[in-house]
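Colleague: Have a look at this fold, sequence not included:
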């Protein structure tokens, strides 16, 4: 199935120089611009350098979004090669914006986050944003016209990739930062201390929930260092090939939760006759209780409803088991640990036209700081890397790492094609309402979350992440299964950027929500933790990125996020599995 209606070969080639600068406009006044300096690979024709203003690369090319708050800009021209600008507020028809060197008059009302043509664009010509092709014009577009889904089609991706040809230098090490975490006997560090009731099949899901509900705040008052008892339930566990791909993926997720450093103890509950047997889960995931050893013959506590005697007896047996586990789970205290123990999961949901300008590049700065401290940052959502993967293959540590990413891209093309779909179906109705037009445009903004350091490895869904530095995990773009996979892989903090306003939590890992714009932040302040809209009001991306980094350390040390205060995060556990339901 083709991924676009018009191939890139039919269009004029987008210019590939490495000049990089940002223009800020206001109704009355001048324009600020800051050219990027040359870097170690600046003489190469690399899209990575064209785009690195969003990766905020310290050594290759740094362009900070800095503007005086008094300027009150109306539009932003992101790159010298762009033929569109982005509206920062409602642009009224016929009201001129810009400055003496470039004045634009909207011919129709244009909403914040949406694009307006800054040059005449002919039918079939490439639409360029961030200095990158994001689509192709379906008709002639005049200066001042709204540029969106009604006159733009997705553009076919380039099929030639440079691999490991411009590996960024390692960041300057940061060795003196710590947070207050829970050191586990296996050497990992938790940021929370939950007890998990894990259902290995949907048939035991209700019982797992009944057990967890018995441990409300009144019962946990004597155990102040236990953050709660959480039931991890799902809709899978039977009607599948034994040890097939679907079975293996589910086992990786459940095993990842059981061994997660934010889980102080766990209980596994099954029905008894399911295909996804408890024995298979224990054996393939080598599960033992936190603090236990492989030699302990008893192993972790497990309950089979058919063996115990049904629903009520299993609930009572489960409650009794957890009562035994509570004192030991509570018998742990936070202690200073290096930031190298942070495994940061990055996610964007409900993205808008500001996501790639404010929140995502700022999160990229925070990702770089985590990596500089020796920690790990995970970029996920492979369908939202699609169209920007060339920016990642070029900075892969090795050709093999680049090939692993491209293998996952090819798999997604095949998988979506099985259902007669297209990768460009990913941008949602809300994304488009917020100004995003094509999957390429969305992906170019999304990958900025990963920062500017070298790509060290690519992981399968819910695979245990063991590499330090910047890595990718193959997940869907849908937020609950995507974050579930990263958490199962070991992420102990999540930072979630959102433009439309996603109210997301993901027990057992805290989720910091970053709003891309001030209007939404103020409207949904009870759910948002950080306002990245300040970038459009004068704060630099780097400054905001450092604030996100500091918030990560505070939350890792115990500060509650907004979603935690609301108790959100039980229903967002959604394992992703691939394969037939038999």
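Modeller: Thanks, I have it. Keep in mind that this is a model prediction, so the values were computed, not measured.

Colleague: need the contact list for the residue sitting nearest the centre point of the chain.
Modeller: Geometric centre of the chain, nearest residue: residue 347, 1.7 Å, by Cα atoms, centre = their mean. Residue 347 is in contact with 380, 381, 449, 479, 482, 483, 486, 494, 495, 496, 497, 504, counting by Cβ atoms under 8 Å, 6 or more residues apart in numbering. Backbone N, C-alpha and C define where each C-beta goes, glycine included.

Colleague: Pairing-wise in the sheet, spell out the partners of it.
Modeller: Taking DSSP bridges as the rule, residue 347 bridges to residue 496.

Colleague: of all the contacts of residue 347, which comes closest to residue 402?
Modeller: residue 380 (17.5 Å; Cβ to Cβ).

Colleague: Verify the contact between the closest one and residue 348 for me.
Modeller: No. When contacts are counted by Cβ atoms under 8 Å, residue 380 is not listed as touching residue 348 (9.7 Å).

Colleague: Show me where the stretch 101-250 of the chain has its strands.
Modeller: With DSSP state E, counting those that start in this stretch as the criterion, the stretch 101-250 of the chain has strands at 102-104, 115-117, 126-129, 132-137, 146-147, 152-153, 178-183, 189-190, 194-199, 228-232.

Colleague: Apologies, that question was intended for the stretch 401-550 of the chain.
Modeller: Using DSSP E, counting those that start in this stretch, strands in the stretch 401-550 of the chain cover 455-459, 469-473, 493-498, 511-515, 530-531.

Colleague: will you turn the ones you listed into a markdown table that also has mean pLDDT?
Modeller: Shown next, in a markdown table, are the strands of the stretch 401-550 of the chain (pLDDT from 0 to 100):
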| stretch | mean pLDDT |
| --- | --- |
| strand 455-459 | 98 |
| strand 469-473 | 98 |
| strand 493-498 | 98 |
| strand 511-515 | 98 |
| strand 530-531 | 98 |
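
Colleague: shared neighbours, residue 380 and residue 348?
Modeller: Counting by Cβ under 8 Å, 6+ apart, nothing touches both residue 380 and residue 348.

Colleague: nearest to residue 367, of the strands of the stretch 401-550 of the chain?
Modeller: When the strands of the stretch 401-550 of the chain are compared by Cβ to Cβ, strand 469-473 sits nearest residue 367, at 6.7 Å.

Colleague: To what extent is the residue nearest to residue 372 when sequence neighbours are not counted buried, counted in neighbours?
Modeller: Leaving aside its chain neighbours, residue 372 sits nearest to residue 171 (4.0 Å; criterion: Cβ to Cβ, 6 or more residues apart in numbering). Residue crowding around residue 171 was assessed by other Cβ atoms under 10 Å; the count is 20.

Colleague: Wait, residue 171 touches residue 370, no?
Modeller: No. Residue 171 is beyond contact range of residue 370, at 9.9 Å (criterion: Cβ under 8 Å).

Colleague: Can you lay out the strands of the stretch 101-250 of the chain as CSV showing mean pLDDT, mean neighbour count and distance to residue 421?
Modeller: Shown next, in CSV, are the strands of the stretch 101-250 of the chain (pLDDT from 0 to 100; neighbours: other Cβ atoms under 10 Å; distance: least, Cβ to Cβ, whole Å):
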stretch, mean pLDDT, mean neighbour count, distance to residue 421
strand 102-104, 83, 16, 37
strand 115-117, 96, 25, 25
strand 126-129, 95, 24, 23
strand 132-137, 94, 26, 18
strand 146-147, 96, 23, 25
strand 152-153, 94, 20, 16
strand 178-183, 98, 20, 42
strand 189-190, 98, 24, 39
strand 194-199, 98, 26, 31
strand 228-232, 98, 25, 30
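
Colleague: okay, the ones you listed in JSON lines with distance to residue 242 next?
Modeller: Formatted as JSON lines, the strands of the stretch 101-250 of the chain follow (distance: least, Cβ to Cβ, whole Å):
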{"stretch": "strand 102-104", "distance to residue 242": "62"}
{"stretch": "strand 115-117", "distance to residue 242": "51"}
{"stretch": "strand 126-129", "distance to residue 242": "48"}
{"stretch": "strand 132-137", "distance to residue 242": "45"}
{"stretch": "strand 146-147", "distance to residue 242": "52"}
{"stretch": "strand 152-153", "distance to residue 242": "45"}
{"stretch": "strand 178-183", "distance to residue 242": "36"}
{"stretch": "strand 189-190", "distance to residue 242": "33"}
{"stretch": "strand 194-199", "distance to residue 242": "19"}
{"stretch": "strand 228-232", "distance to residue 242": "22"}
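
Colleague: do you know which of the ones you listed lies nearest residue 425?
Modeller: Closest to residue 425 of these, according to Cβ to Cβ: strand 152-153, at 13.1 Å.

Colleague: So what are the sheet partners of the closest one and their directions?
Modeller: When DSSP bridges is applied, strand 152-153 pairs with strand 132-137 (antiparallel).

Colleague: what about residue 332, distance to residue 250?
Modeller: From residue 332 across to residue 250, the span is 29 Å (Cβ to Cβ, to the nearest Å).

Colleague: what about these two, which has more around it?
Modeller: A direct count of neighbours by other Cβ under 10 Å for residue 332 and residue 250 places residue 250 higher, at 24 against 17.

Colleague: ok, that one touching residue 277?
Modeller: No. The criterion here is Cβ under 8 Å, and residue 250 misses it with residue 277 at 11.7 Å.

Colleague: can you tell me which strand in the protein is longest?
Modeller: strand 263-270 (DSSP state E).

Colleague: contact partners of the helix or strand that that one is followed by?
Modeller: The C-terminal neighbour of strand 263-270 among helices and strands, as given by DSSP states H and E, is helix 278-285. Here helix 278-285 makes contact (Cβ under 8 Å, 6+ apart) with 200, 242-243, 247-248, 251-252, 254-256, 258-259, 268, 270, 287, 299-300, 302, 304.
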